[in-house]
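K.L.:
Test case, fold it:
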Amino acid sequence: MYSVPKLEQYSTEALDAAAAELKSALEQESAAVSTEADWKNFRDRWMARKGGISTQLSENWLKVAPILAKREVGIRVNDLKARIEQTVEATQQRIKAGASKVADRVDIALPGIHRPVGAEHPVIRTVNEIVSVFKAMGYSVAEGPEIETDFYNFESLNFPPNHPARDMQDTIFIAGQEFKPQRDRLLLRTHTSPVQVRSMERLKPPVRLVIPGKVHRNDAPDASHSPMFHQVEGLAVDTNITFGDLKGTLDHAMKALFGSSVQTRFRPSFFPFTEPSAEVLVSCIICGAKGCRTCKQSGWIELLGCGMVDPNVFEGVRDNGYDPKRVSGFAFGMGADRIALMKYGIDDIQLLFQGDVRFLEQFA
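P.N.:
Coordinates of the predicted model:
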């Protein structure tokens with residue numbers, strides 16, 4: 001490996017020979033550089049302030065040269081230092097250009113880059129679990145738009161204008177709709193029930209649908225309320241469907257979700273689009289129906305609403321085979337977020353939507 005020799009003679013021929021030897025060594029070492037690490041070693045060897053060959057030229061040639069020879073030695077030393085600097089820079093450019101060419105080439109035989117995809121959000125995981133239970137019972141998945149018309153969100157579901165049940169929905173309306181007829185005004189859907197009507201317009205009976213989706217209501221956010229949440233609804237229509245079919249279906253679904261020991265209880269209620277209607281309670285999965293803070297010491301938790309489809313809803317789609325005298329059906333709906341809170345022991349619904357990675361990592 002080249003090192004700067006001490007000059008014995010200072011004639012023009014001797015100086016030119018020493019300079020030529022250095023240039024040759026510089027080119028050879030530059031040609032041997034093939035990686036970024038090699039180049040850094042090459043740069044330090046030739047240009048380091050302490051011990052670098054450029055520094056050695058000044059120490060071993062210029063400082064010790066006789067007074068009469070200093071001018072000639074200085075000219076060559078300056079020329080060699082410039083040559084070293086140019087070569088080091090050119091070597092770096094060659095390495096970068098080579099790396100760029102390699103990067104541009106794609107070897108299709110190599111395995112692809114696997115990037116981490118994270119984990120399912122607890123709400124999405126819960127929705128998928130609920131949907132899978134009903135898919136196993138032969139239900140198909142249906143979806144619809146989040147921005148709905150007043151007709152599909154209310155009127156087609158037996159909510160006539162000025163019906164007091166509309167006030168219970170705390171609807172978020174789209175601005176600038178005042179000039180339209182009420183049934184055509186746009187809003188953010190307050191439930192996924194409009195998909196039931198849209199599906200019956202498209203599909204002839206029998207139908208069995210499970211409908212997951214995001215819904216919106218003008219609720220002030222707190223530990224148990226959010227202006228945006230998720231629902232999973234279901235619809236089954238056929239001949240001779242009874243309330244007993246509804247009870248058996250939901251009892252089986254609750255046991256599939258929470259375990260075979262869970263019990264269900266049906267309590268009379270009211271919904272404009274079902275008649276009769278009921279609320280479904282399940283025995284508390286936290287305390288085993290013994291009574292705790294979650295179930296308010298009752299041993300039961302209200303989980304979803306259901307009922308037999310009101311004949312007035314079928315009247316709107318009668319022409320597609322839903323004659324209320326020939327077919328019957330049931331519908332149900334549950335809040336996926338609330339079920340997620342129960343399953344994972346979360347005490348604040350806002351945690352589900354704040355995007356805090358520290359919280360979400362617990363479910364990875």
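K.L.:
Please, where are all the strands along this protein?
P.N.:
140-141, 147-149, 172-173, 186-188, 207-216, 228-238, 264-271, 274-283, 300-309, 328-335 (DSSP state E).
K.L.:
can you tell me which of the ones you listed the model trusts least?
P.N.:
With a mean of 88, strand 172-173 has the lowest mean pLDDT of these.
K.L.:
Now find how far off-centre that strand is within its chain.
P.N.:
Distance, stretch centre to chain centre, for strand 172-173: 27 Å (C-alpha atoms, centre = their mean, to the nearest Å).
K.L.:
So which residues make contact with it?
P.N.:
Contact partners of strand 172-173, identified using C-beta atoms under 8 Å, 6 or more residues apart in numbering, comprise 185-188, 216-218, 227. All C-beta atoms are positioned from the backbone trio N, CA, C, and that covers glycine.
K.L.:
so where do the helices sit in this structure?
P.N.:
For the chain, the helices defined by DSSP state H occupy 12-31, 36-47, 53-57, 70-104, 122-135, 150-153, 194-202, 243-258, 311-315, 336-344, 357-360.
K.L.:
sorry, back to before: who wins for proximity to Glu315 among the strands of the chain?
P.N.:
Nearest of the strands of the chain to Glu315, taken as C-beta to C-beta: strand 300-309 at 10.9 Å.
K.L.:
contacting residues around the closest one?
P.N.:
Applying C-beta under 8 Å, 6+ apart, the contact partners of strand 300-309 are 235, 237, 241, 243, 246, 250, 254, 265-267, 269, 271, 273-285, 289, 294-295, 328-335, 338-339, 342.
K.L.:
buried subset of those residues?
P.N.:
The neighbour count (16 or more other C-beta atoms under 10 Å) marks 235, 237, 241, 246, 250, 254, 266, 271, 273-274, 277-285, 289, 294-295, 328-335, 338-339, 342 as buried among the contacts of strand 300-309.
K.L.:
Among the contacts of strand 172-173, find me the one that's closest to Leu7.
P.N.:
Pro227 (85.6 Å).
K.L.:
Using TSV, lay out the strands of the chain together with distance to Ala37.
P.N.:
As requested, those are arranged in TSV below (distance: least, C-beta to C-beta, whole Å):
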stretch	distance to Ala37
strand 140-141	55
strand 147-149	58
strand 172-173	60
strand 186-188	58
strand 207-216	52
strand 228-238	53
strand 264-271	69
strand 274-283	64
strand 300-309	63
strand 328-335	59
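K.L.:
Relative to Gln196, which of the ones you listed is closest?
P.N.:
Once the strands of the chain are compared by C-beta to C-beta, strand 228-238 is nearest, at 4.7 Å.
K.L.:
Strand partners (parallel or antiparallel) of the closest one?
P.N.:
Using DSSP bridges, the strands paired with strand 228-238 are strand 207-216 (antiparallel), strand 328-335 (antiparallel).
K.L.:
Same question for that strand: list its buried residues.
P.N.:
So for strand 228-238, counting by 16+ other C-beta under 10 Å, buried means 229-237.
K.L.:
Show me where the stretch 101-250 of the chain dips below the pLDDT cut-off.
P.N.:
Residues of the stretch 101-250 of the chain that meet the criterion pLDDT under 70 lie in 101-106, 164-169.
K.L.:
List the residues that contact the residue lying closest to Ser34 once chain neighbours are set aside.
P.N.:
What sits nearest to Ser34 in space, not counting adjacent residues and going by C-beta to C-beta, 6 or more residues apart in numbering, is Ile95, at 7.5 Å. Ile95 makes contact with 33-36, 38-39 under the criterion C-beta under 8 Å, 6+ apart.
K.L.:
Format the residues you listed as CSV; extra columns: distance to Phe353 and pLDDT.
P.N.:
As requested, those are exported to CSV (distance: C-beta to C-beta, whole Å; pLDDT from 0 to 100):
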residue, distance to Phe353, pLDDT
Val33, 55, 90
Ser34, 53, 88
Thr35, 49, 89
Glu36, 46, 89
Asp38, 52, 90
Trp39, 51, 90
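K.L.:
Go through the residues you listed and say which is closest to Arg198.
P.N.:
Nearest to Arg198 among the contacts of Ile95, with distances taken as C-beta to C-beta, is Glu36, at 60.4 Å.
K.L.:
shouldn't Gln231 be in contact with Pro212?
P.N.:
Yes: between Gln231 and Pro212 there is a contact at 7.4 Å, judged by C-beta atoms under 8 Å.
K.L.:
Now do the shared contacts for the two.
P.N.:
Joint contacts of Gln231 and Pro212 (C-beta under 8 Å, 6+ apart) are 192, 336.
K.L.:
For Pro111, state which of the buried residues of strand 228-238 is nearest.
P.N.:
Nearest to Pro111 among those, with distances taken as C-beta to C-beta, is His230, at 36.8 Å.
K.L.:
Show me what the closest one is bridged to.
P.N.:
Note on His230: beta-bridge partners Lys214, judged by DSSP bridges.
K.L.:
got a list of what it touches?
P.N.:
123, 127, 212-215, 335-337.
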